[in-house]
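K.L.:
Any chance you can model this:
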Amino acid sequence: VPNDLYFDENATIYVLTGPNRGGKSVVTCALGLAQVMLQLGMFIPAEEAKISPVDAIFTHFPTGAEDTIDKGRLGEECDRLREIFEVVTPYSLVLMDESFSSTGAYEASYIAAVLGALSHVGCRCLFSTHLHQLAAELDEINARAKESGGAMIDTLVAGMETGQRSFKIYRRKPDGKSYARDIAEKYGISYDTI
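P.N.:
The predicted structure is shown next:
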């Protein structure tokens, strides 16, 4: 399913939300792959592309349990993110997938500070998440970013059409739903079947 992504004066950082199994992680990975392929001089799977080179691609994806023994999952994620902030530049691409999903939505709202810091750096970033609260705080984050000369942040949503996942990514405000119930029922996880 083809999708358009634009990093422009309206946003260089996106918070991507939407349904479980709606294509958020795939689009996040596809963006990184397109960037790598372009910088290697390869053709990329697109009808058209205008992509500027980056000095680095940083990924912040969930890791296996063996990496969390000493610090716990949240500590491990914070440590990896700190390492990214030590070297990220305005010419970098940061890809985050379900980062900080080990903490509750209310407690994870401090991640807004992470987005604010990335905004201040001015890099390009795609952050796919189920933390809909974070997307709801973007007006406040953008107001602070504008005052400090930071880059704007916008929202993307993996689409649902007639109750089915479309795998289309739209630049719009999220509806706050992850549509997890239908997946759980597909695998026999409901009160009646258990």
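
K.L.:
I'd like the next helix or strand past the host helix or strand of residue 114.
P.N.:
Residue 114 belongs to helix 111-121 when assigned by DSSP states H and E. Where DSSP H and E defines the elements, the next helix or strand beyond helix 111-121 is strand 124-128.

K.L.:
how big is the angle separating that next one from helix 111-121?
P.N.:
Between strand 124-128 and helix 111-121, the angle comes out at 160 degrees (axes from the mean of the first three to the mean of the last three CA atoms, to 10 degrees).

K.L.:
switch to numbering from 739
P.N.:
Happy to do that; since the first residue is 739 now, the last one works out to strand 862-866.

K.L.:
For strand 862-866, name the packing helices and strands.
P.N.:
With contacts defined as 3 or more CB pairs under 8 Å, 6 or more residues apart in numbering; DSSP states H and E, strand 862-866 has these neighbours: strand 751-755, helix 762-777, strand 830-835, helix 849-859. Backbone N, C-alpha and C define where each C-beta goes, glycine included.

K.L.:
follow-up on the earlier one: quick check: mean pLDDT of the helix holding residue 852?
P.N.:
Per-residue pLDDT over helix 849-859 has a mean of 86.

K.L.:
I'd like the helices and strands packed on strand 862-866 laid out as JSON lines, including distance to residue 786 and mean neighbour count.
P.N.:
Conversion of the helices and strands packed on strand 862-866 to JSON lines gives the following (distance: least, CB to CB, whole Å; neighbours: other CB atoms under 10 Å):
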{"stretch": "strand 751-755", "distance to residue 786": "20", "mean neighbour count": "27"}
{"stretch": "helix 762-777", "distance to residue 786": "12", "mean neighbour count": "18"}
{"stretch": "strand 830-835", "distance to residue 786": "19", "mean neighbour count": "22"}
{"stretch": "helix 849-859", "distance to residue 786": "27", "mean neighbour count": "20"}
